[in-house]
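Enquirer: What would the 3D arrangement of this be:
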Amino acid sequence: MQTDNRFLPPGLTASLSGPIGNLPESPISDVAMSVFGDPDVVPLWFGEGDLVTPDFVRDAAARGLQAGETFYTWQRGIPDLRAALSAYTERLYGIKCPIDRISVTTGGMQAILLSCQMLLDPGDNVVIVSPIWPNITSATKLMRGVPKYVALDRTTLGGWKLDLQRVFDAVDERTRAIFVNSPGNPTGWVMSSDEQRALLEFARKRGIWIMADEVYARLIYTKRPDGRQVAPSFLEHARPDDPLIVLNSFSKPWAMTGWRLGWLTHPAQLGDQIAKLVQINTSGAPAFLQRGAVAAIEKGDDFVAQMVERCRAGGEQVFQRLSGLPKVTIARPEAAFYAFFSVDGVEDTMAFCKKLAKEHKVGLAPGEAFGPGGTGNIRLCFASGAERLSKGLDRIEAAIKAL
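Expert: Below is the predicted model of the structure:
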């Protein structure tokens, strides 16, 4: 039998799967690896801040570890965590969400991959609102699916808006899902309740799924009329059996990026299928880590509020500094913890970010990493303290002024 040399790595005599062999390196990793190990670089490229996970979360996980919770556990999450997430959903949105609609995952990224494994056959497509964190693109391609993008439009003030009709028009007979990340990474764009309601009604009529990435739901800088500080959610408009899967993560609001814990909210009928996929992929998230997640959900509101105010201050610091530069187009962030801006004269943001890292010692993410609509922009994560941000901004300002 002849070897397929298209996906044959150097030095190996057997080829890889086509989707694996074709996976590109992340442009963000490409920039980071160009200065890997340099302690002088101010790292503002990845989606995490400089705070460690709070003590009360770490202590709860440590107690679980010391209690011997080191064995296989429930594939869809320990009952205590699923019950806590059920109560949390009701507290945030005022809706009932029983535990049979909740499944714990090994991170938000695995939540995306599990959803694609469950929904996609080869040749199916996913309509993706972009610019977007690239994992949904990779997960779609791994399932031999086809990503189809609908880019947000830039407003005259540098913000972002969605033409919902273009999303509807992108759907065809092979579309299995529409993927929406709101609040958005990298843009901070927030989808309105009216837009969510209209998109959900469209999905019902067409018999296709909505995959809603709501990881940044708590990191929003305006309050609702009733005082709640949480972004609009598709869950507020959905019936229990609607074709909706909401993806979430502990990483951002509770400073738990390294814990790799997330969850899915889904129709109860999907529970058995999700359990089987978890068994195949990971056998379930570690039980003692889930104890920390319970503490985050039940005791973490004060920490989340502090995180929101910290990020609000960081976003304002970045906006004030960069908006004062005549070459920069930037909007004041609505949500999440990213500034996504452009610089006049900078078209190749990969080359610019590598130059920033090597010569100016500050790490940013090139817009090319985020798909259509991202090209020509640069992402800065402002989930850090004022001192680190000030140091990074000094270097960015010097680089821009030198253009």
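
Enquirer: Ser193 is in contact with Glu236, correct?
Expert: Yes: in this structure Glu236 lies within contact range of Ser193 using C-beta atoms under 8 Å: 6.9 Å. Just so you know, the C-beta spots here come from the backbone N, C-alpha and C atoms, and that holds for glycine as well.

Enquirer: which residues do these two both contact?
Expert: Common neighbours of Glu236 and Ser193, using C-beta atoms under 8 Å, 6 or more residues apart in numbering, do not exist here.

Enquirer: Do a quick rundown of the helices in the stretch 251-400 of the chain.
Expert: Assigned by DSSP state H, counting those that start in this stretch, the helices in the stretch 251-400 of the chain fall at 271-281, 287-299, 301-323, 349-355, 386-401.

Enquirer: nearest to Arg218, of those helices?
Expert: Closest approach to Arg218 among the helices of the stretch 251-400 of the chain is made by helix 301-323 (5.3 Å; C-beta to C-beta).

Enquirer: Show me which residues of that closest one are buried.
Expert: Residues of helix 301-323 classed as buried: 303-304, 307-308, 310-312, 314-315, 317-319, 321-323 (neighbour count, 16 or more other C-beta atoms under 10 Å).

Enquirer: ditto for stretch 357-366
Expert: By neighbour count with 16+ other C-beta under 10 Å, stretch 357-366 contains the buried residues Ala357, His360, Lys361, Val362, Gly363, Leu364, Ala365, Pro366.

Enquirer: go on, stretch 210-225?
Expert: Applying a neighbour-count criterion of 16+ other C-beta under 10 Å, one finds Ile210, Met211, Ala212, Asp213, Glu214, Val215, Tyr216, Ala217, Arg218, Leu219, Ile220, Tyr221 buried in stretch 210-225.

Enquirer: what's the following helix or strand after the lowest-mean-pLDDT helix or strand in the chain?
Expert: Using mean pLDDT, DSSP states H and E, helix 18-21 stands out as the lowest-scoring helix or strand of the chain, at a mean of 82. Following helix 18-21 in sequence order, the next helix or strand is helix 27-33 (DSSP states H and E).

Enquirer: which among the buried residues of stretch 357-366 gets closest to Ile378?
Expert: Nearest member of these to Ile378, counting by C-beta to C-beta, is Leu364, at 5.2 Å.

Enquirer: Now do the same contact list for the closest one.
Expert: Each residue near Leu364 by C-beta under 8 Å, 6+ apart is listed here: Val31, Leu44, Trp45, Cys353, Leu356, Ala357, Ile378, Arg379, Leu380, Ile396.

Enquirer: I'd say the second one and Ala383 touch.
Expert: No: proximity of Leu44 to Ala383 does not meet the contact threshold set by C-beta under 8 Å, at 9.0 Å.

Enquirer: which one among the buried residues of helix 301-323 gets closest to Gln75?
Expert: Ranked by distance to Gln75 (C-beta to C-beta), these are led by Val304 at 27.9 Å.

Enquirer: wait, doesn't that closest one sit right on Met256?
Expert: No: here Val304 lies out of contact with Met256, judged by C-beta under 8 Å, at a distance of 11.4 Å.

Enquirer: Just the CA atoms of stretch 147-154, as PDB, please.
Expert: Below are the C-alpha coordinates for stretch 147-154, written out as PDB (Å, rounded to 0.1, in the frame of the first residue of the first chain):
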ATOM      1  CA  PRO A 147     -15.800  26.800   9.000                       C
ATOM      2  CA  LYS A 148     -17.800  29.600   7.400                       C
ATOM      3  CA  TYR A 149     -17.200  33.100   8.800                       C
ATOM      4  CA  VAL A 150     -19.400  36.200   9.100                       C
ATOM      5  CA  ALA A 151     -17.200  39.100  10.200                       C
ATOM      6  CA  LEU A 152     -18.400  41.800  12.600                       C
ATOM      7  CA  ASP A 153     -18.400  45.300  11.100                       C
ATOM      8  CA  ARG A 154     -16.200  48.100  12.500                       C
END
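
Enquirer: now it: how far from the chain's centre is it?
Expert: A distance of 16 Å separates the centroid of the chain from that of stretch 147-154, by C-alpha atoms, centre = their mean, to the nearest Å.

Enquirer: quick check: mean pLDDT across that stretch?
Expert: Summarised as a single mean, pLDDT over stretch 147-154 is 96.
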